[in-house]
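Student: Sequence and predicted structure are below.
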Amino acid sequence: MVAPIVRFAPSPTGLLHVGNIRAALFNWLFAKRHGGAFILRLDDTDRMRSKPEYEAAIERDLQWLGLDWRRKEKQSDRLAHYDAARDRLVAAGRLYPCYETPEELEFRRKRLLAQGRPPVYDRAALKLSDADRTRLEGEGRRPHWRFRLAAEEVRWDDLVRGPQHIDEASQSDPVLVRADGTYLYSFTSVVDDIAFAITHVIRGEDHVTNSGVQIQMFQALGAPVPTFAHLPLMVDATGGGLSKRTGSLAVADLRERGVEALAICALLARLGTADPVEPVTSLDALVATVDFARVGRAAARFSEEELAQLNARTLHILPYEAVRARLADDLGEAFWLAVRGNLTTLADASGWADVVRGPIEPKIEDAGFLAEAASKLPPEPWDDTTWKAFTSTLDRKGRALFHPLRLALTARETGPEMARLLPLIGRAKVEARLRGLKA
Ligand code: GLU
């Protein structure tokens, strides 16, 4: 395959959430897998709703997730390109001015519906003469511009959905330029996809209906049509849509709640595919398996519970080097390997650092037994074999042996393997805790 060029094109009108991250991730993984380029395009032509702080948040979230881009473009910087493409479509007779007000259009729509006919725009504006237009503009009307659809069935082979066809003969000619001169996304997106030589448009299923119109635009502008891959939408446990407004599923919020970037990516890469959801220690592990043929057609069911579980499973396999810089209490590799299997979030490691470092108030279940144990502690140096050697000198077995020791040494009912914790706590503190002293 020629190196693909793909883009992720969020509008900076809100925070990234799991729904749009899935599209970003598939674009990124696909580019990586095939040695291609991933472009970040900010669809910020809506000047009212686009905000610099959302732009910054999008970049921060993508960086945090590890989804780096080769090139960044902002649509607001590219208006001259849209003007030029608009002029070409006008010259080719594919873009025409319309003067109907929203009220007039609504009236016609209702009339058609009342007659039992599809509410398709009747192209009345195409019949206007130059004199009509001059008169309308003289009345103060500003035109909006519609793309004249070719009356044909548009076909494409979607990498996820298979062969698709949309009959454009039954659609209204879409407005591409508003009366205030601003452009609609469907148009600017095509102009940019052409300019950046995008080979694959990978996006959510909510854009399927745009694709037929956009394919006609690529053709009208004399450009090759990219390959499309429309990912099924994600739904929550009840089957409801994951709306952008679900703040709790914003990447920034998940990050604040201690969810690992790798857990988010591992879940979103596999959700709704034929492959099982598995924890990974790097994004590279996901690259090799990204394959649109393995993405199912049904909506992918997202569950926060599954994400939380995957988060824990991710931490349980992460090597020390992967977390070192983020540990609030870095007690070294042996500490990390001892506690990682007991973490739900990385922040939990601090609780175990407190246990190791002390002082803690030991919980004494059987003072006599613990005092005897204290007297049998071997001399240091200690290592992972010390626990076994030590406990085999004590005259108890099973829970009666281990439970009072764990309670005294950690003040907790459960936790990491004592064999790993013991040398980390060290002889002085172990002895003091067994004797019931705060240490
Ligand atoms: N700005 C569009 C969106 O966020 C981009 C869609 C596309 O990828 O073409 O939905």
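Tutor: All right, it came through fine. Numbering: from 1, shown residues only.

Student: Run the contact check for the lengthiest helix in the chain versus the ligand.
Tutor: Looking across the chain with DSSP state H, the single longest helix is helix 18-33. No. Using Cβ under 6 Å from any ligand atom, helix 18-33 never reaches the ligand; the gap is at least 6.6 Å. For the C-beta atoms, the positions are set from N, CA and C on the backbone; glycine is no exception.

Student: just checking, what packs against the following helix or strand past that helix?
Tutor: Following helix 18-33 in sequence order, the next helix or strand is strand 37-42 (DSSP states H and E). Contact analysis of strand 37-42 by 3 or more Cβ pairs under 8 Å, 6 or more residues apart in numbering; DSSP states H and E lists strand 5-8, helix 18-33, helix 52-65, strand 71-74 as its packing neighbours.

Student: What lies in contact with strand 37-42?
Tutor: 3-12, 27-28, 31-32, 50, 55, 58-59, 62, 67-76, 192, 196, 198 (Cβ atoms under 8 Å, 6 or more residues apart in numbering).

Student: Between the helices and strands packed on strand 37-42, which one is closest to residue 223.
Tutor: strand 5-8 (13.3 Å; Cβ to Cβ).

Student: low-confidence ranges in this protein?
Tutor: 243-248 (pLDDT under 70).

Student: Pull up the residues of it that are close to the ligand.
Tutor: Counting by Cβ under 6 Å from any ligand atom, the residues of the chain near the ligand are 9, 10, 11, 43, 185, 189, 203, 207.

Student: Strands along the stretch 301-439 of the chain, start to end?
Tutor: Using DSSP state E, counting those that start in this stretch, no strands are found in the stretch 301-439 of the chain.

Student: That one: helices as residue ranges?
Tutor: Using DSSP state H, counting those that start in this stretch, the helices of the stretch 301-439 of the chain run over residues 304-317, 320-323, 333-339, 348-357, 367-375, 386-391, 398-410, 418-425, 427-434.

Student: In the stretch 251-400 of the chain, which residue sits nearest the ligand?
Tutor: Sorted by distance to the ligand under Cβ to the nearest ligand atom, the residues of the stretch 251-400 of the chain start with residue 251, at 14.7 Å.

Student: for that residue, what are its contacts?
Tutor: 15, 16, 17, 18, 21, 61, 64, 65, 264.

Student: Kindly report the same for residue 268.
Tutor: By Cβ under 8 Å, 6+ apart, the neighbours of residue 268 are 18, 21, 22, 25.

Student: how about a markdown table for the residues you listed, with neighbour count added?
Tutor: Shown next, in a markdown table, are these (neighbours: other Cβ atoms under 10 Å):
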| residue | neighbour count |
| --- | --- |
| 18 | 22 |
| 21 | 26 |
| 22 | 27 |
| 25 | 27 |
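
Student: and which of the residues you listed is nearest residue 367?
Tutor: Once Cβ to Cβ is applied, the member of the contacts of residue 268 that ends up nearest residue 367 is residue 18, at 51.8 Å.
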